[in-house]
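Student: heads up, no residue letters with this:
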């Protein structure tokens, strides 16, 4: 079955194709479709649903969409839904002109922002699963058969932020993966092989939940 992925991110397409190995994942770009919906949601689920509906309105075929980001506990789960637009503490929800901050700068600023909060001693109350540097990735995923029939899964991958951007490492993954440390593996997300990451990642877990939900479901 051909499934349209509501994204232009080739890294995300590659991950999805590895998990949905029995199906063909195609992006709007693959078929020359212009697709750039405005993500106005305030949480991951809202944005994933916006993208799924927008693409389904164009292709009228099964669509999978996700919205994901990194959430730092001591920053009250920021940057969260604004992870891709994060521009440091002065531009938590993105720069006014809409320009994208290079990923390496985002990584450095996020670590520095967390370090400043820790040094200040003004840590917000909450659950810190992995200590004061706790962070997690969150992914909300929508599989849309049509606007009246869709499945939703939301999952996380727990870890910490490294202490210094100079310690970033790993050749795999993308985004904040080089600074996201997984204590149980002793590796960053970018050091995990693709199959290792898919087995434990927020997106991998959400994909498998969707696959289980679709068992025996008529997709027409």
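Tutor: Ah, there it is. What you see is a predicted model; the values in this text were computed from it and never measured. Residues are numbered from 1 along each chain as shown.
Student: which residues does the strand or helix carrying residue 18 contact?
Tutor: Residue 18 belongs to helix 10-19 when assigned by DSSP states H and E. With Cβ atoms under 8 Å, 6 or more residues apart in numbering as the contact definition, helix 10-19 has outside contacts at 5, 7, 24-25, 27, 64, 66, 173-174, 194-195, 197-198, 201, 203-204, 207-208, 211. Every residue, glycine included, has its C-beta placed from N, CA and C.
Student: direction included, what does the helix or strand just after it pair up with?
Tutor: Counting by DSSP H and E, the next helix or strand C-terminal to helix 10-19 is strand 24-26. According to DSSP bridges, strand 24-26 forms sheet pairs with strand 2-5 (parallel).
Student: list the buried ones in the strand it pairs with?
Tutor: Of all the residues in strand 2-5, those buried under the rule 16 or more other Cβ atoms under 10 Å are 3-5.
Student: next: stretch 82-96.
Tutor: The neighbour-count check on stretch 82-96 (16+ other Cβ under 10 Å) flags 82-88, 91, 94 as buried.
Student: same deal with stretch 49-64?
Tutor: Buried residues in stretch 49-64 (16+ other Cβ under 10 Å): 49-56, 59, 61-64.
Student: try stretch 28-44
Tutor: Buried residues in stretch 28-44, counted by 16+ other Cβ under 10 Å: 28, 35, 39, 41, 44.
Student: please apply the same query to stretch 118-131.
Tutor: Neighbour-count burial for stretch 118-131, counted by 16+ other Cβ under 10 Å, picks out residue 130.
Student: now do the end-to-end distance for it.
Tutor: 11 Å (Cα to Cα, to the nearest Å).
Student: for the most centrally placed residue in the chain, helix, strand, or coil?
Tutor: Centroid-nearest residue in the chain: residue 68, 2.5 Å away (criterion: Cα atoms, centre = their mean). Recorded secondary structure, residue 68: strand (DSSP: H, G, I helix; E, B strand; the rest coil).
Student: surely it touches residue 137?
Tutor: Yes: between residue 68 and residue 137 there is a contact under Cβ atoms under 8 Å: 6.3 Å.
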